[in-house]
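Enquirer: Fold the following for me, if possible:
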Amino acid sequence: MDKRRVVITGMGVLSPLGIGVADNWRRLCAGESGIGLITRFDTTDYPVKIAGEVRGFEPTQWIAKKEVRHMDTFIQYAIAGAAMAVADAGLDHSPPRDRDMFGVYVGAGLGGISTLESTIAALHAKGPRHGISPYFVPAIIVNLAAGQISIRHDARGPNLSHVSACSTGAHSIGEAFRTIERGDADVMIAGGTEATVTPLGVGGFCSSRALSTRNDEPTRASRPFSASRDGFVLSEGCGLLVLEELGHARARGATILAEIVGYGLTADAHHITMPSPGGEGAQRCMKMALRGAGLAPEQIGYINAHGTSTAADAIETQAIRAVFGAHAERLPVSSTKSMHGHLLGAAGGLEAAISVLALRHGILPPTINLDDPDPACDLDYVPHTARHVQCEYVMSNSFGFGGTNAALIFKRVEA
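Expert: Below is the predicted model:
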């Protein structure tokens, strides 16, 4: 059987830049930062006092009040993001023709940390009989993000939660693409969600010295590809896409935002946190995505880089140069993490949505804070200001701890 074509018909996002696609895209195009001082807990004893928090989120807009307290925040974000994506795709008034062919692949990197923290405190204070809620386990386990979405939208098809650190969202989208391509589903909700701006989440990354300590200027702390970068900025949110078989989308009159045509995934098999030398694993991943899409490197018009504002930025640069050769000299590459920070398991989902928006609107979001480029990072990173460029194909990269890599390629469709 020929492979089926897969398109994007809806998106739902929450990030430090705002709630919903419109607010996120407006601020990205304006080159604004969503990073600020942490408000969720007292950071007096923490070397890092900044993060990307989702502000103004009211879960009861999407979830019954009595249910909210039984869910960790990462699940709440996923439910909200899915509701937005379903509405954007028009699935609420033009539903899938077969609910058994409607699936959900939504993952997270770490799951319900805030619920784990509060439950441990209650356990010590009240003991096991009164300190542990019967909803504790379903509130923290990663697959309940996908589970809750499937229950709410009667999605009875494939249901999985991929957990691959910072590649989670991209892997979820890529695997959903393949699931539809081979005929095991017609419609999939896919991406990632994360809510780790908590004492334990921030403290853990502080202990590994992975975070920026530029506390006095939060909006300038995330500075991918800069010589003065000093770590990533921890953020939270959700990025979900509705993927759909092309014929199914056309039959119900859906608006097609983009087509997904390539997906690569590899392992570095090198180190628990650092990429392999020269980005060898990332190279193979990008090449796999190009090969699957049947594209030559020079056909890619833009890359949304993983670009975390760490030492790994130079390694990603090396990998891009190795894969794209002479085309790398004129290939725009930007890291939107400069504005929204690093959403960990949700990063790939959010950045996939941004890549689709770049295709659809003909605007490449910038890399802000790139005042002093690292000589080892010598590509066109679209510094400071968004750029009007109409591309036919864009790539989105996601690389994670454990040496896990993902690359997605999207194709423009006529609006």
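
Enquirer: Pull the contacting residues for the closest residue in space to Arg26 that isn't next to it in sequence.
Expert: Counting by C-beta to C-beta, 6 or more residues apart in numbering, Gly18 is the residue found nearest to Arg26 once chain neighbours are left out, at 7.8 Å. C-beta here means a position set from N, CA and C on the backbone, and glycine is covered the same way. Contacts for Gly18 (C-beta atoms under 8 Å, 6 or more residues apart in numbering) come out as Asn24, Arg26, Arg27, Gly34.

Enquirer: Next, count neighbours for the third one.
Expert: Spelled out, that is Arg27. Residues lying near Arg27 (other C-beta atoms under 10 Å) number 19.

Enquirer: before we move on, what about the first one?
Expert: Neighbouring residues of Asn24 were enumerated by other C-beta under 10 Å; the total is 28.

Enquirer: So which residues of the stretch 201-350 of the chain form helices?
Expert: 246-251, 280-293, 312-324, 337-340, 347-361 (DSSP state H, counting those that start in this stretch).

Enquirer: Now do the last one, average pLDDT.
Expert: In other words, helix 347-361. Helix 347-361 shows a mean pLDDT of 98.

Enquirer: Could you look up the SS state of Asn405?
Expert: Three-state call for Asn405 (DSSP: H, G, I helix; E, B strand; the rest coil): strand.

Enquirer: Could you check how far the residue nearest to it when sequence neighbours are not counted is from Gly403?
Expert: Nearest residue to Asn405 in three dimensions, chain neighbours excluded: Cys285, at 3.9 Å (C-beta to C-beta, 6+ apart). Per C-beta to C-beta, to the nearest Å, Cys285 is found 11 Å from Gly403.

Enquirer: Would you mind telling me which of these two has the busier surroundings?
Expert: The residue with more neighbours, out of Cys285 and Gly403, is Cys285; 28 against 21, by other C-beta under 10 Å.

Enquirer: Could you report the distance from Ala312 to Arg99?
Expert: Look at Ala312 and Arg99: by C-beta to C-beta, they are 42 Å apart.

Enquirer: These two: which is more packed in?
Expert: Ala312 (20 against 16).

Enquirer: Could you report the pLDDT at that one?
Expert: In this model, Ala312 is scored at 97, pLDDT.

Enquirer: Now do it against Met286, distance only.
Expert: For Ala312, the distance to Met286 - C-beta to C-beta - is 15 Å.

Enquirer: now do Gly20
Expert: 30 Å.

Enquirer: does Ala122 sit in a helix or strand, and which one?
Expert: helix 113-126 (DSSP states H and E).

Enquirer: any idea which helix or strand comes after that helix?
Expert: Of the helices and strands lying after helix 113-126 in sequence (DSSP H and E), the nearest is helix 128-131.

Enquirer: Now tell me what touches that following helix from outside.
Expert: Contacts to helix 128-131, defined as C-beta under 8 Å, 6+ apart, come from residues Thr119, Ala122, Leu123, His124, Ala125.

Enquirer: Alright, I will stop here.
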